[in-house]
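In: Just a sequence and a predicted model for now, questions to come.
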Amino acid sequence: MTKWNNLYGKDGMFTFFLGPQLQVVITDAELVRTLLKDPRLDGRPDTNLKRIFSSHALAFSEGTVWKDIRRFEIMALKDFGRGSGSKNLLEEYCQQAATDLVADVQEEAARGPFSTRSAILKCVANSIATTLCSTALKSDDPRFARLTDNVNVVFTEGTTPNR
């Protein structure tokens with residue numbers, strides 16, 4: 001990004017298109033601080049998933065709804081065990097998922113070039129399943145593969161910007 005900023009940027013900022021979506025990259029830390037405080041720049045991109053989940057999920061909400069959901073989720077995570085010493089179940093689940101992810105990536109890398117998308121999606125799905133159901137899903141289960149493929153399609157299509 002530094003090279004691009006030197007070539008195309010001015011005052012610590014440059015733009016480029018990633019597919020049809022215009023991207024703005026800010027490389028100056030002071031400018032980032034200033035812009036993050038500007039209320040005109042609050043909000044999320046307009047995507048299909050945002051329209052569906054806008055008032056029901058932390059990742060897609062904004063404003064006071066976002067603050068209320070975030071406050072509730074932080075309290076729920078604290079009650080679940082985040083930061084409570086020896087009974088920190090969430091941390092244990094995440095560490096196991098990370099260990100499994102490393103093993104999956106090493107196994108795939110031994111075969112040659114590959115996309116990490118599937119391995120990361122399985123890691124996230126297993127973290128959620130273990131947290132909610134106290135059981136991990138089997139990587140070689142065809143139903144699990146179908147589930148992760150469908151989730152991938154939803155997030156790929158759902159995050160496409162509306163035109």
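Out: Sure, I can see it.
In: alpha carbons only for contacts and neighbour counts from here, please
Out: Fine.
In: And residue 31, how close does it get to residue 42?
Out: Noted for residue 31: a distance of 15 Å to residue 42, by C-alpha to C-alpha, to the nearest Å.
In: Next, give phi and psi for residue 16.
Out: Here the main-chain torsion angles of residue 16 (degrees, to the nearest 10) amount to phi -160, psi 160.
In: The residue lying closest to it once chain neighbours are set aside: how many residues sit nearby?
Out: Once flanking residues are discounted, residue 16 sits nearest to residue 23: 5.4 Å by C-alpha to C-alpha, 6 or more residues apart in numbering. Residue 23 has 12 neighbouring residues, counting by other C-alpha atoms under 10 Å.
In: In a strand, residue 23, correct?
Out: Yes. Assigned with DSSP: H, G, I helix; E, B strand; the rest coil, residue 23 falls within a strand.
In: what separates it from residue 151, distance-wise?
Out: In terms of C-alpha to C-alpha, residue 23 sits 25 Å off from residue 151.
In: what ranges do the strands span in this protein?
Out: With DSSP state E as the criterion, the chain has strands at 13-18, 21-26.
In: quick one: which of these is nearest residue 117?
Out: strand 13-18 (18.3 Å; C-alpha to C-alpha).
In: contacting residues for residue 104?
Out: Going by C-alpha atoms under 8 Å, 6 or more residues apart in numbering, residue 104 touches residue 119.
In: circling back: can you give me the pLDDT of the residue nearest to residue 16?
Out: We have a pLDDT of 85 for residue 23.
In: Wait, it touches residue 13, no?
Out: No. The pair residue 23 and residue 13 does not pass the contact test of C-alpha atoms under 8 Å, sitting 10.6 Å apart.
In: got the residue ranges for the helices in this protein?
Out: 2-8, 29-36, 48-53, 63-80, 89-111, 117-133, 142-158 (DSSP state H).
In: gap between the last one and the chain center?
Out: Spelled out, that is helix 142-158. Centroid separation for helix 142-158 versus its chain: 15 Å, with C-alpha atoms, centre = their mean, to the nearest Å.
In: Keeping just the C-alphas, turn that helix into CSV.
Out: Extracted in CSV, the C-alpha atoms of helix 142-158 (Å, rounded to 0.1, in the frame of the first residue of the first chain):
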residue,chain,number,x,y,z
PRO,A,142,-20.8,-34.0,2.9
ARG,A,143,-23.6,-32.1,4.7
PHE,A,144,-21.0,-29.9,6.4
ALA,A,145,-19.3,-29.3,3.0
ARG,A,146,-22.8,-28.4,1.5
LEU,A,147,-23.5,-26.1,4.4
THR,A,148,-20.2,-24.2,4.1
ASP,A,149,-20.7,-23.9,0.3
ASN,A,150,-24.2,-22.4,0.8
VAL,A,151,-22.9,-20.0,3.4
ASN,A,152,-20.1,-19.0,1.0
VAL,A,153,-22.7,-18.3,-1.7
VAL,A,154,-24.9,-16.2,0.6
PHE,A,155,-22.0,-14.1,1.8
THR,A,156,-20.5,-13.7,-1.7
GLU,A,157,-23.8,-12.8,-3.3
GLY,A,158,-25.1,-10.9,-0.3
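In: Thank you kindly, that will do.
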